[in-house]
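**Q** dropping a prediction and its sequence here:
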Amino acid sequence: MSSICSTAAPDPKTPDSHKQVLPQKWDGQAVFNVEELAEILRTNPWTVYEAIKRKDISVVRIGRVIRITRPVIEEMLAG
């Protein structure tokens, strides 16, 4: 019996070849607050608040609480 080992690069169109955009520290986290996003972007939280105000960053608001979803952050970092 022989085993076949594929050394081909993963196809970027397949969902299994999802490239990790965020550092490993953030694995498993689906939503982020403003301070966490500022840390990821290596900027000041006030800069993030201003970008949210300009609608440069899509957020989820629950009352006064602001959360940013992982797909939004990954799209920002990838593009």
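**A** Received it, and whenever you're ready, just let me know what you need. Model, not experiment: these values are computed from the prediction. Residues are numbered from 1 along each chain as shown.
**Q** is V72 part of a helix or strand, or is it coil?
**A** helix (DSSP: H, G, I helix; E, B strand; the rest coil).
**Q** now do it, the pLDDT please.
**A** Looking at V72, its pLDDT reads 95.
**Q** got the contact list for it?
**A** I57, S58, V59 (CB atoms under 8 Å, 6 or more residues apart in numbering). To be clear about C-beta, it is placed using only N, CA and C from the backbone, and glycine gets the same treatment.
**Q** which residues touch the second one?
**A** If I follow you right, that is S58. Per CB under 8 Å, 6+ apart, neighbours of S58: I68, T69, V72.
**Q** dump those to CSV, plus distance to V48.
**A** Shown next, in CSV, are these (distance: CB to CB, whole Å):
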residue, distance to V48
I68, 8
T69, 14
V72, 12
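**Q** and Q29, how far from I68?
**A** The gap separating Q29 from I68 is 11 Å, by CB to CB, to the nearest Å.
**Q** compare these two (neighbour count), which wins?
**A** A count of neighbours by other CB atoms under 10 Å puts I68 above the other of Q29 and I68, at 21 against 11.
**Q** quick one, what contacts that one?
**A** Contacts of I68 (CB under 8 Å, 6+ apart): V31, F32, N33, V34, L37, I57, S58, V59, V60.
**Q** how many neighbours does E39 have?
**A** Number of residues near E39 (other CB under 10 Å) recorded here: 16.
**Q** same deal with T47?
**A** T47: 13 neighbours (other CB under 10 Å).
**Q** so which bits of stretch 63-79 are buried?
**A** Residues of stretch 63-79 classed as buried by neighbour count (16 or more other CB atoms under 10 Å): I66, R67, I68, V72, I73, M76.
**Q** which one of those is nearest to L22?
**A** Using CB to CB, I73 is the member of these that lies nearest L22, at 6.7 Å.
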